[in-house]
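> Okay, sequence plus prediction incoming.
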Amino acid sequence: MELEQDFKETTFRLRESQIKYKNIVNNSTDAIVVIQDGFLKFINLRGVESTGFSQHEIMNVPFTDLLHPDDRDEALERYHRRMGGKHQPTENIFRIIKKDGSFLWVENRTVKTTWQDRPATLNFLRDISQQKRMEEMMIRSEKMASLGQLSAGLAHELRNPLAVISSCAQFCTENMDLEHLVAENFQVIHRNSQRASKLIKELLAFARPDRLHYKSVDLNQLLEKMLRMAKMEVDPSHITFVKQLDKGLPEIPGDEEKLGQVCLNLIQNAIQAVSGKGNITLGTRWDRTDDPMDPMLELSVADTGPGIPTEHQKHIFDPFFTTKSNGTGLGLSICHAIVEQHHGLISFECGEPGGTRMAVRLPAKKEENDREST
Ligand SMILES: Nc1ncnc2c1ncn2[C@@H]1O[C@H](COP(=O)(O)OP(=O)(O)OP(=O)(O)O)[C@@H](O)[C@H]1O
Ligand SMILES: [Mg+2]
């Protein structure tokens, strides 16, 4: 009788403790994952939520399937070394692919454990995507500032000699009785120096942006207007444009012409990315959960193009970085400069296997001490 009572009590305590630990694991803000023989054997609620897969879809799949292709080899090597008893750092950083194709940066802490009496690893993963994005933006801003300084100096020095070359060539064609071939060559000089002057003007727009002329800007209207402009330059019949515009968006303080240029550059890039056929989604969003003291609005342009290869991602905001035969590579550097001038942030996400989403976050309120200048 006493033995039966004891057994009941032990079973009760065991169940209670099981519930307690299950609660802790499922309410953890970190994703918790057990990997055995290279396969996923356990994942808590947080892990399931952050990947977008269901528990059923994710269980028993090789863990490398959930990693960004560029991080797989290194992670697998680390796993084998750890399981083989070799010393490995407990912490590492990599990217996880979500069900929708986008990815998350995570910081992972791993320990060796046993799972159902066999060796396994226990992993605690924390989403650090936001922190990573901020770090990348800070580095980019610093890089752009020094590139800007260099480009401004260079553009300034080149502007005058180019203007002289151009006007001399023009003078010769207009005022001298030149042989046909010579006249043609002078025209070539004139045309090319004009082209170089235009480039320098664009370079200066990135390197030394003009003052901002603030007024109240309706981002929804601006996006629609720029879309109409962009459509005039291409045959949009095989492109599906989707608008996901937040109707309750407040107007924001900004330079309408410059913000329009940002929208146009992003839409043009998206059109070029889908190369005549695909979907382009224009969006605006007011995240009402934002800090009420510092509200931000987001405008985005997403396309179903090929995405941006990892090795290019670091460079797309660099002046003159282009993968297009007729591109100048200044579009995104100008966008970056304009967004920074507005105290906003520009970022992008690429899906797996393709698609790009460019997002611009702009403050809904003007800074008190804004100087309306560079
Ligand atoms: N939506 C996108 N999809 C894929 N790649 C993109 C996208 N947007 C930009 N890129 C990449 O970034 C590069 C730089 O873009 P950026 O707009 O600065 O210059 P560009 O479009 O090449 O030339 P420009 O805008 O001066 O005509 C592009 O050449 C392309 O490789
Ligand atoms: Mg462009």
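Received, thanks. Source: prediction; values computed, not measured. Ligands and ions are numbered 1, 2, ... in the order given.
> Thought Leu147 was touching Ala337, still the case?
No. The pair Ala337 and Leu147 does not pass the contact test of Cβ atoms under 8 Å, sitting 10.3 Å apart. All C-beta spots, glycine's among them, are computed from the backbone N, C-alpha and C.
> If you count surrounding residues, which of these two has more?
Here Ala337 and Leu147 are set side by side on neighbour count (other Cβ atoms under 10 Å), and the busier one is Ala337, at 24 against 17.
> Please, which helix or strand holds the more buried one?
Secondary-structure element containing Ala337, defined by DSSP states H and E: helix 331-341.
> re earlier: mutual contacts of Ala337 and Leu147, please.
Ala207 (Cβ atoms under 8 Å, 6 or more residues apart in numbering).
> SS state for Leu104?
Here Leu104 is strand, with the state taken from DSSP: H, G, I helix; E, B strand; the rest coil.
> Write down the beta-bridge partners of it, one by one.
Applying DSSP bridges to Leu104 gives these bridge partners: Ile96.
> ok now do it, which residues does it touch?
The contact partners of Leu104, by Cβ under 8 Å, 6+ apart, come to Ser50, Thr51, Arg95, Ile96, Lys98, Asp127, Ser129.
> which residues does Lys215 contact?
Lys215 is in contact with Pro253, Gly254, Asp255, Glu256, counting by Cβ under 8 Å, 6+ apart.
> Quick check: closest non-adjacent residue to the second one.
Going back to what we said before, that points to Gly254. Nearest non-adjacent residue to Gly254, counting by Cβ to Cβ, 6 or more residues apart in numbering: Val217, 4.4 Å away.
> how deep is the one you found tucked in, by neighbour count?
The number of residues packed near Val217 is 21, by other Cβ under 10 Å.
> same thing with Asp71?
Applying the criterion other Cβ under 10 Å, we find 17 residues in the vicinity of Asp71.
> So it versus Glu352, what's the distance?
Counting by Cβ to Cβ, to the nearest Å, the gap between Asp71 and Glu352 amounts to 12 Å.
> SS state for the residue nearest to Ala31 when sequence neighbours are not counted?
Of all residues not flanking Ala31 in the chain, Gly47 sits nearest, at 3.4 Å (Cβ to Cβ, 6+ apart). Of the three states, Gly47 takes helix according to three-state DSSP.
> Show the contacting residues for Gly47.
Gly47 is in contact with Ala31, Ile32, Val33, Ile58, Leu125, counting by Cβ under 8 Å, 6+ apart.
> What distance do you get for it to ligand 1?
Counting by Cβ to the nearest ligand atom, to the nearest Å, the separation of Gly47 from ligand 1 is 30 Å.
> Can you name the residue of the stretch 151-300 of the chain nearest to ligand 2?
Asn269 (4.4 Å; Cβ to the ion).
> what number of residues lie near that residue?
Close neighbours of Asn269, defined as other Cβ under 10 Å, add up to 22.
> Also Val34?
As a measure of burial, Val34 has 19 neighbours, counting by other Cβ under 10 Å.
> Okay, angle between whichever strand or helix holds Met137 and helix 331-341 too, please.
Here Met137 sits within helix 129-175, counting by DSSP H and E. An angle of 120 degrees separates the directions of helix 129-175 and helix 331-341 when computed by axes from the mean of the first three to the mean of the last three Cα atoms, to 10 degrees.
> Residue numbering should commence at 24 henceforth.
Sure thing, new numbering starts at 24, so read that last one as helix 152-198.
> so how far is helix 152-198 from its chain's centroid?
On the basis of Cα atoms, centre = their mean, to the nearest Å, the separation between the geometric centre of helix 152-198 and that of its chain is 24 Å.
> Which strands and helices lie in contact with it?
In this structure, helix 152-198 makes packing contacts with strand 126-138, helix 203-230, helix 354-364, strand 368-373, judged by 3 or more Cβ pairs under 8 Å, 6 or more residues apart in numbering; DSSP states H and E.
> what does this protein put close to ligand 2?
Listed as neighbours of ligand 2 in the chain under the rule Cβ under 5 Å from the ion: Asn292, Gly354.
> Near ligand 1, which residues of the chain are found?
Those residues of the chain that sit near ligand 1, judged by Cβ under 6 Å from any ligand atom, are 288, 292-293, 296, 326, 328, 331, 335, 339, 344-347, 350-356, 379.
> same thing but 8 Å
Those residues of the chain that sit near ligand 1, judged by Cβ under 8 Å from any ligand atom, are 225, 288-289, 291-293, 295-296, 324, 326, 328-331, 335, 338-340, 342, 344-347, 349-358, 371, 373, 379, 381.
> And for the helix or strand of the chain with the lowest mean pLDDT, what's in contact with it?
Ranked by mean pLDDT, DSSP states H and E, the weakest helix or strand in the chain is helix 25-49, scoring a mean of 79. Here helix 25-49 makes contact (Cβ under 8 Å, 6+ apart) with Ile55, Asn67, Leu68, Arg69.
> Other residues contacting the strand or helix carrying the first one?
When secondary structure is defined using DSSP H and E, the element that contains Ile55 is strand 54-59. With contacts defined as Cβ under 8 Å, 6+ apart, strand 54-59 is touched by 48, 63-67, 69-70, 73-74, 86, 102, 129, 136, 138-139, 141-150.
> Give me the subset of those lying in helices.
Val48, Arg69, Gly70, Ser73, Thr74, Tyr102 (DSSP state H).
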